[in-house]
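1. can't give you the sequence, but here's the structure:
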């Protein structure tokens with residue numbers, strides 16, 4: 001019941017701010033197409049040789065532009081996260097103030113992403129090492145699969161407490177290390193509901209992708225264009241909704257554990 005309320009609230013705030021979400025998403029597309037337009041158009045029309053040739057001629061410029069596009073896009077997504085959070089807490093919050101506050105969290109968010117990357121590399125190396133050990137001792141393939149599955153579940157158990165750290169870093173104006181600790185603190189005692197919430201968001205997101213794929217097939221040769229239009233129109237709503245789910249969950253846990261209620265109402269949504 002509580003998870004359903006969070007998902008419903010996230011849909012509500014994303015719908016109310018759909019226009020701004022669309023503009024921010026279009027800005028991200030404009031950044032990528034503006035900086036990497038020639039590469040994208042070659043790939044869009046299936047000219048793989050042209051793409052490879054263009055990249056080979058200016059490999060340094062390509063990666064520099066790609067890096068710039070990723071950095072600018074991250075700033076816009078930080079703005080979107082803060083916009084959805086602030087407009088949930090206070091629907092009258094000025095849009096520009098919320099977006100600017102979110103964009104200013106670019107560097108802490110980037111630092112947190114680097115921590116995620118290092119953690120992923122560490123887990124990958126451990127998994128690769130375990131695989132080499134198992135194959136080195138001649139373990140049966142079935143045993144290796146089961147062992148790796150157990151290791152994957154354990155890895156998920158280790159990283160799951162930090163599920164909310166990214167939105168916390170942006171919405172609470174704190175650094176990446178403190179955001180990781182806050183996520184662990186806020187999620188303690190509510191990890192099973194959060195796990196159910198995560199699974200439900202995956203199901204809804206998969207259903208969205210399935211609908212896009214079905215429409216693309218129904219429209220036949222023009223299905224790619226139909227799918228692209230639907231992506232451009234619906235993707236901002238889905239991104240805003242997904243952001244809203246995790247932002248609202250983190251905010252409600254903050255209300256429950258810290259007693260910080262910026263809306264003036266307290267709802268025990270996880271009970």
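-> Everything's here; your move. What you see is a predicted model, and the numbers here were worked out from it, not measured in a lab.

2. mind checking what helix or strand follows the one helix or strand in the chain whose mean pLDDT sits lowest in sequence?
-> Among the helical and strand segments of the chain, the one scoring lowest on mean pLDDT, DSSP states H and E is helix 48-57, with a mean of 60. Stepping forward along the backbone from helix 48-57, the first helix or strand reached (DSSP states H and E) is helix 59-89.

3. what packs against that next one?
-> Other helices and strands packing on helix 59-89, by 3 or more Cβ pairs under 8 Å, 6 or more residues apart in numbering; DSSP states H and E, are helix 2-16, helix 18-44, helix 95-103, helix 106-136, helix 165-171, helix 223-258. Any C-beta I mention is one placed from the backbone N, CA and C, and that applies to glycine too.

4. list of residues touching the third one?
-> Contacts with helix 95-103, where a contact means Cβ atoms under 8 Å, 6 or more residues apart in numbering, come from 17, 20, 24, 75-76, 78-83, 85-87, 170, 173.

5. select only the buried ones of the residues you listed in PyMOL?
-> Of the contacts of helix 95-103, the buried ones go into a single PyMOL selection, burial set by 16 or more other Cβ atoms under 10 Å:
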select buried, resi 17+20+24+75+76+78+79+80+81+82+83+85+86+87+170
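
6. of the helices and strands packed on helix 59-89, flag the one that's most buried.
-> Each of the helices and strands packed on helix 59-89 was scored by mean neighbour count; the highest is helix 165-171, a mean of 27, by mean count of other Cβ atoms under 10 Å.

7. show me what whatever helix or strand comes next after that one is packed against.
-> From helix 165-171 onward toward the C-terminus, using DSSP H and E, the following helix or strand is helix 176-187. With contacts defined as 3+ Cβ pairs under 8 Å, 6+ apart, the packing partners of helix 176-187 are helix 106-136, helix 165-171, helix 223-258.

8. quick one, helix 176-187 and helix 106-136 angle?
-> Going by axes from the mean of the first three to the mean of the last three Cα atoms, to 10 degrees, helix 176-187 is angled at 70 degrees with respect to helix 106-136.

9. mind listing what's buried along helix 176-187?
-> 176, 179-180, 182-184, 186-187.

10. same thing with stretch 88-97?
-> Under the neighbour-count criterion of 16+ other Cβ under 10 Å, stretch 88-97 has 88-89, 93 buried.

11. and the residues you listed as CSV, adding distance to residue 61 and pLDDT?
-> Output for the buried residues of stretch 88-97, formatted as CSV (distance: Cβ to Cβ, whole Å; pLDDT from 0 to 100):
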residue, distance to residue 61, pLDDT
88, 41, 92
89, 42, 91
93, 40, 90
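
12. quick one: which of the contacts of helix 95-103 is nearest residue 239?
-> Within the contacts of helix 95-103, proximity to residue 239 (Cβ to Cβ) peaks at residue 80, which comes in at 7.0 Å.
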